[in-house]
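**Q** Fold the following.
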Amino acid sequence: MTKSSSLLSTLFVVCDQTIVSKEGKLSLIGLFSQTFVARLPTTFPQFMIVAIVTGKPNQAYSLSLKLTDPTGKIIHHRSLEIKLGHNGQTNIITPVHQLPLTLTGTHTLTLTHHKQTL
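**A** Residues are numbered from 1 along each chain as shown. As a prediction, this is how the structure comes out:
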């Protein structure tokens, strides 16, 4: 768990699928930290990026989600506008479709608020 100003990311994962119940309970299916491909270049068909962010209740924030390849090149970017609930928490569920992969090695996923990593 890391913090940026008054924001904390208490969960930050990649998975195959998510389910949110009518009560708001979050279920994650197929958590993974690495992938394997037969050859490059390729396209990774689909995955979900999930974060639970906590901070000041009812506060709105602008976040940035970036995925970089081993050279530091941004291969996926999404700007996110969130508002925390009355309990000071929100779930962020971001689907990624058809991600092109051209390099082997460590790819880095970051969630930031005003250039500070959560």
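
**Q** Now for the protein, the helix or strand with the poorest mean pLDDT.
**A** One helix or strand of the chain scores below all others by mean pLDDT, DSSP states H and E: strand 2-4, with a mean of 44.

**Q** Which elements pack onto whichever helix or strand comes after that one?
**A** Where DSSP states H and E defines the elements, the next helix or strand beyond strand 2-4 is strand 7-15. The helices and strands touching strand 7-15, judged by 3 or more Cβ pairs under 8 Å, 6 or more residues apart in numbering; DSSP states H and E, are strand 26-29, strand 42-54, strand 108-113. C-beta here means a position set from N, CA and C on the backbone, and glycine is covered the same way.

**Q** any idea which residue sits dead centre in the chain?
**A** Within the chain, the residue whose C-alpha comes closest to the C-alpha centroid is Ile49; the distance, by Cα atoms, centre = their mean, is 3.7 Å.
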